[in-house]
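Q: Return atomic coordinates for the entry below.
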Amino acid sequence: MESLVNLRPVAESDLPIVYRLTSDPDVTGETEWYGWQDRWRFHRRWERSGLLDDDGGMLVVERPEEILGFVSWSKHVTGRMSFCWTVGIAMLPEARGRGYGTEAQRLLVQYLFANSQVNRIEAGTNVTNLAEQRALEKAGFSREGVMRGAAFQGGRWHDAVIYSVLRAEMEP
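A: A predicted model of the protein is given here:
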């Protein structure tokens, strides 16, 4: 089956879109806007590492000639000698609801299991973000539970839903 989207490293020319997806309330949507961000934060990180290093990274989600958003991951220490990846996604409004985010998250999981030794990949989302919950389930994640009061946004604390996928669940 041919993929709906491709993942690739972030280019310098992509950074304005990354900023919009993390800082523009009209683009992030109500469940993902956490206030205005440092406009040059991603540029500094891109100059240092290309937004790819041992502790995490970011890849652009695209179709031919069209950027749709990005996926990201960061190291989450789970024990003295172990860690998992925590993943996230941000899609432009016009790319939402078409299956692109589900496919991008599935590709990211495959990429991370193929290129690291982690056994667990997890994702969290606002308890009210039903579209992201459906996308995670379609991408192979299992719902684990609700984290009460986990995220501060819009002047108050919100519950989040945690999902995970294990290596053995993705292997043939």
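Q: Could you list the low-confidence segments of this protein?
A: For the chain, applying pLDDT under 70 flags the ranges 1, 171-172.
Q: Not counting sequence-adjacent ones, nearest residue to Glu103?
A: In space, and not counting its chain neighbours, Glu103 is closest to Leu4: 4.5 Å by C-beta to C-beta, 6 or more residues apart in numbering. Placement of C-beta: from N, CA and C, glycine included.
Q: Surely that neighbour and Arg63 touch.
A: Yes: contact status for Leu4 versus Arg63: in contact at 7.2 Å, counting by C-beta atoms under 8 Å.
Q: Common neighbours of those two, please.
A: Tyr100 (C-beta atoms under 8 Å, 6 or more residues apart in numbering).
Q: for this protein, which helix is longest?
A: helix 100-115 (DSSP state H).
Q: more neighbours, Leu4 and Arg63?
A: Leu4 (17 against 14; other C-beta atoms under 10 Å).
Q: so where do the strands sit in the protein?
A: Assigned strands in the chain, in chain order: 6-9, 52-53, 56-63, 66-79, 82-91, 120-126, 142-153, 156-166 (criterion: DSSP state E).
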